[in-house]
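**Q** Everything below, folded, please.
(chains A and B)
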Amino acid sequence: MSLDPDVAQRVQSLTLSARRAVEGLLSGMHRSPHRGASVVFVEHREYRPGDDPRLLDWRAFARTDRDVIKRFEQETQLRATLVLDRSGSMAYPKDGKRSKEGPANKHTHAATLLSALAYVLIRQGDAAGAALFTDEVGDVVPPRTRPAHLETVLTALAQPPEPGAPTDLRAALYAVAERAGRRGVVAIASDLIDLQEDALAPIAHLVSRGHEVILFHVLHPDEIDLPFPGPTRFLGCEGEDAIDADADAVRRSYKREIEAFIDTSRRRAVAAGARYTLARTDGRPEQQLSEVLAAGRRATGSTGSPGSR
Amino acid sequence: MGFATPLMLLGLLAAAVPVAAHLMRRRDLPRVELPTVALLSRAMARSRRRVHVVDLLLLAARILLVVGLVVAVADPFIEVRLAYGDGQAASVAIVIDDSMSMERPLVAGGAGGAREAGEETLAALARAEAQDAIDALPEGSEVSVILAGSPVRLLVPRTDDLEAARLALGGRGAPSARATDLPGAVARAIRELAGAGVEARRLLVFTDGAAHAHVDDVRWPEGGISVEDRRFEGQPDNRAIIAAEVAIDPTTPGQVSIAVHTRAHGDFPQTRVRLLQGDAEIDARSVDLTTGSSRVTLHGPLAVDGDPSARLVLDRDEGDALAVDDERAVLLRRSAAVRILLVDGDPHPSRDRDEVGYLARALDLAPLDHGVLSYRVVDPDTAEALDLAAWDVIVLANVRVPSRQATTRLYRFVEDGGGLLITGGDRVETGPYAARLGELLPARPSAIAPSEGLSLAPPSPSAAAPVSASGLRVSNLEGTVTTRRWVLDAPPTGAQVALAFTDGSPALVLGQFGSGRTAVLAVTLDAAWSDLPYQPGFLPLMVELIEHLAPDGERPRGAVVPGAALELATPPGADTMVIVGPDGSRHDYDERGTFTFDETVAPGAYRVLAAARGATPSDIGPAAFVVAPPSAESDLTPGGPNEVPSSVETQRADGGTVAKRRIAPWLFLLAGLLAVAEGWLRMRRRAWAAR
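**A** I've put the predicted structure just below:
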């Protein structure tokens, strides 16, 4: 899979800042807990109210007549694991986009989100890897910082879903936690269709191990709005029994259920310390990614930008 | 059951359409994948079972709807045997005998018999069958209902509102005590049918056909009206108090003696008759009913002031068909009997040869409904010494010319309101008789002449009705053979010839003198000049003649027949009158003068109270009266076949016509309801599924 150039172009401006300090093997733009080890000037940044006035660069002010501060903190590399759901339900709809302007296939949308993130990370010198799962973890690409590694990651993310494969979030995410190793970022893109009570319990486990968890809850508008007309036979994507229902009649109660499901997922994720984003497939991936990263910047006060280290 | 267009039933195959649609719908549902099908399942979990049931109900409703419509289009019908008529529109006059004898209960194997608690009566059966007959009439028919209890009443005037007529028959009042007037009712029914708006006219009669109904006197319609006579046969046992005479007890001051006449039709044991005033028993006597008729005397206190009413009650007997006639009201006061002085001009030890022997027997046998007729037989000499004011009617039977003194007293007696009957005989010298009593007599006898070959007849051929112009019943006298007679002069103006010889000369002439009434009979009262005493019409003629001659009393002489109208007058000094019925009902009259009171349906004693304006009304003892069932109604003996004459068009008694009743309208109605139910179920299904 290759990243849509249009999307790649737009996500170039995005930056990812970890909310927490991470350990990196390589120096990067992310704040390190090991202060003083290799402190160097990195960049100027516009002064914002609340910044320490002692950091103001008066020389730069004299030259440019702009209030900027100097960044002296040591930056470390980010180690990110991109976790993609490959279960059968992610293959919806099977024909991809229904129309040119229509919402994308869930898997495509999720892969796009994670690919963009990988693109950004590797371009800024962070390490990015991938893990694919259904009811267990399948292919795993370890995080690397080499630019050539981007293709490996994207190739892994481009693997189509396994038809009919069930989802076991709990088992898969625990397995990811075991493999993620040191502190880092774990970005998960899944429809979370695993209705077990403790399906999201591993998120708390990941957070407790120092990871910053980003959860993209990928849903197709059909799953939210149930737009089908009249009596319909609904087939499950992961081996569930078919259900005959009058969509018009059941729509109201279904929407109550799906809203409760989304709300519960959000509450559980946030409660566990993750950043949750409902990623509707009719939404723009860069927009959704931007919102997540912006939220991360707000939380950490990081000022990094793609391409600048 | 059948179908007018059975081929349409092939449409029943369409019943498979809903089933197929149901199955096809399930099979051909558009299939879509939905990753969140588990959530959909959860959303439907609450309503799934209910919706499934509704689905089945919807399927059933749709199948029934299709089946109902198809069957309705096939025009199904059921064959019913009509309770009456031939299924064609007709104007029907229904005569229902609602006399007392129809109050007897129904029993298995017969129309009437032993009484049991809660049993239906013939009257109820007649009403029910009349309702069935109305139900059997198609749209466009007319119906009228006439009640044959006396007096005849038009319960339902001729109407095409069959339901209203049916409802009018549904009411059930107190048991009737009325007499029967079947001839009058049939005549009234025929008049109703005269203006019928439907060509087919029918007369339907419900009666027990008892002898007292006089079915043979009914003038059935001839031509154009078909008659159905439904008889309720059977002769149950019955017993009754048929009369009660109250007289001042000469032996005990302040007491009255009550002669109670009972009659039993059938086998009854000895029983008891009790005299009750309120709930208090005043006297009681055993009554031997084994002999049929019996008479016992009871005693009670003379009512001077206040309410004089009391009751005579027979002890209950389960074998008795009618309860209404087991009780009779009496008034504990002097009797209102007609007092008759029979002056026997030719006494004889043998009653058959005595001049007034037959008349006395006729008075003995007079129906007690006419009130008590008490008489005394005296010879002419004794009569001249009596105080005539003690009598209401004097009969001079073959009596020689009275003395001048007696003649004067006779004139005064009649002038003051007494009645006088003078009958022929050999002892009467016509010349002196006419000379002395001429002004008193409505027709003067001029001679005694043979009358071989002459018989008696109504006064004119046109007067063929059994009641003469004078109001006397003169039927059953046509075969009377006479041998001698008085030749009566032509009656003066104002006199009435009630009976004539076949040569046209008067035989019985009625007249008026002063306040009294007079009559002259041109033959003897015994069998010397004619066989009149042997004729079946003799007894009613004599009884009615005596009643005609008797002065009008201040109150009814005997018991009032239920339903009769009474002329009552407000007593002097009173402004209001109140009549209290036996059930306590009050009827107020606030005007002076006479008025008609016809609320006499319930048997029993009726109190009459009067007062000046503003005062509290008090009993007028002498004005009280008794309403009692006619004794003939207690005799439930069948009157014989008395078939409707063959000249009259008759109809089968059982109706018998089989008619087709269409049920398609009901099926269309059912289909409509099913369609509504289907719509409702669909709405509910949607609502339930959305929950």
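**Q** in chain A, which spans are strands?
**A** Under the criterion DSSP state E, chain A carries strands at the ranges A:30-31, A:43-46, A:68-71, A:75-76, A:79-85, A:127-133, A:137-144, A:185-190, A:212-219, A:231-235, A:243-246, A:275-280.
**Q** Go through those and name the closest to chain B.
**A** When the strands of chain A are ranked by proximity to chain B, the top entry is strand A:231-235, at 4.1 Å, counting by CB to the nearest CB. (C-beta placed from N, C-alpha, C; glycine too.)
**Q** what residue is smack in the middle of the chain?
**A** Let's take chain A. A:Ala187 (3.9 Å; CA atoms, centre = their mean).
**Q** wrong chain, I was asking about chain B
**A** In chain B, the C-alpha nearest the mean C-alpha coordinate belongs to B:Gly149, at 2.3 Å (CA atoms, centre = their mean).
**Q** From chain A, how far off is that one?
**A** Distance from B:Gly149 to chain A, counting by CB to the nearest CB, to the nearest Å: 69 Å.
**Q** Surely that residue is in contact with B:Ser101?
**A** No. Under the criterion of CB atoms under 8 Å, B:Gly149 makes no contact with B:Ser101, lying 9.8 Å away.
**Q** per-residue pLDDT, the closest residue to the residue nearest to the centre of chain A other than its chain neighbours?
**A** Nearest in space to A:Ala187, with sequence neighbours left out and distances taken as CB to CB, 6 or more residues apart in numbering or on different chains, is A:Ile214 at 4.3 Å. On pLDDT, A:Ile214 comes in at 93.
**Q** With A:Ala242 instead?
**A** Taking A:Ala242 on its own, its pLDDT is 88.
**Q** Please name the residues that touch the residue nearest to it when sequence neighbours are not counted.
**A** Distances taken as CB to CB, 6+ apart put A:Leu235 closest to A:Ala242, at 5.0 Å, once the chain neighbours are dropped. When contacts are counted by CB atoms under 8 Å, 6 or more residues apart in numbering or on different chains, A:Leu235 touches A:Ala242, B:Arg31, B:Val32, B:Glu33, B:Leu34, B:Val37.
**Q** How about B:Ala83?
**A** Neighbour list for B:Ala83: B:Glu129, B:Asp132, B:Ala133, B:Asp135, B:Ala136, B:Gly655 [criterion: CB under 8 Å, 6+ apart].
**Q** For the second one, pull up the helix or strand it's in.
**A** I take that to be B:Asp132. helix B:122-136 (DSSP states H and E).
**Q** in that helix, what's buried?
**A** Residues B:Leu122, B:Ala123, B:Leu125, B:Ala126, B:Arg127, B:Glu129, B:Ala130, B:Gln131, B:Ala133, B:Ile134, B:Ala136 are the ones in helix B:122-136 that count as buried (16 or more other CB atoms under 10 Å in any protein chain shown).
**Q** which secondary structure elements does it contact?
**A** Applying 3 or more CB pairs under 8 Å, 6 or more residues apart in numbering or on different chains; DSSP states H and E, one finds that helix B:122-136 contacts strand B:91-96, helix B:162-168, strand B:201-207.
**Q** Highest mean neighbour count out of these?
**A** Ranked by mean neighbour count, those are led by strand B:91-96 with a mean of 29 (mean count of other CB atoms under 10 Å in any protein chain shown).
**Q** And the contacts of that strand?
**A** In this structure, residues lying in contact with strand B:91-96 by CB under 8 Å, 6+ apart are B:84-85, B:123, B:126-127, B:130, B:133-134, B:137, B:141-148, B:155, B:158, B:169, B:182, B:185-186, B:189-190, B:192-193, B:196-198, B:200-207.
**Q** about what we covered before: output the helices and strands packed on helix B:122-136 in JSON lines; the columns should cover mean pLDDT.
**A** Formatted as JSON lines, these follow (pLDDT from 0 to 100):
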{"stretch": "strand B:91-96", "mean pLDDT": "94"}
{"stretch": "helix B:162-168", "mean pLDDT": "91"}
{"stretch": "strand B:201-207", "mean pLDDT": "91"}
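**Q** Tell me which of those sits nearest to A:Ser208.
**A** The closest of those to A:Ser208 is helix B:162-168. By CB to CB, the value is 88.3 Å.
**Q** List every C-alpha atom in the next helix or strand after that closest one, with coordinates, as PDB.
**A** Note on helix B:162-168: by DSSP H and E, the next helix or strand toward the C-terminus is helix B:182-194. Only the C-alpha atoms of helix B:182-194 are listed here, as PDB (Å, rounded to 0.1, in the frame of the first residue of the first chain):
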ATOM      1  CA  LEU B 182    -111.100 -12.800  21.200                       C
ATOM      2  CA  PRO B 183    -113.900 -11.900  18.900                       C
ATOM      3  CA  GLY B 184    -113.300  -8.200  19.600                       C
ATOM      4  CA  ALA B 185    -109.600  -8.600  19.100                       C
ATOM      5  CA  VAL B 186    -109.900 -10.400  15.800                       C
ATOM      6  CA  ALA B 187    -112.300  -7.700  14.600                       C
ATOM      7  CA  ARG B 188    -109.800  -5.000  15.700                       C
ATOM      8  CA  ALA B 189    -107.000  -6.900  13.900                       C
ATOM      9  CA  ILE B 190    -109.000  -7.000  10.700                       C
ATOM     10  CA  ARG B 191    -109.600  -3.300  10.900                       C
ATOM     11  CA  GLU B 192    -105.800  -2.800  11.200                       C
ATOM     12  CA  LEU B 193    -105.200  -4.900   8.200                       C
ATOM     13  CA  ALA B 194    -107.800  -3.000   6.200                       C
END
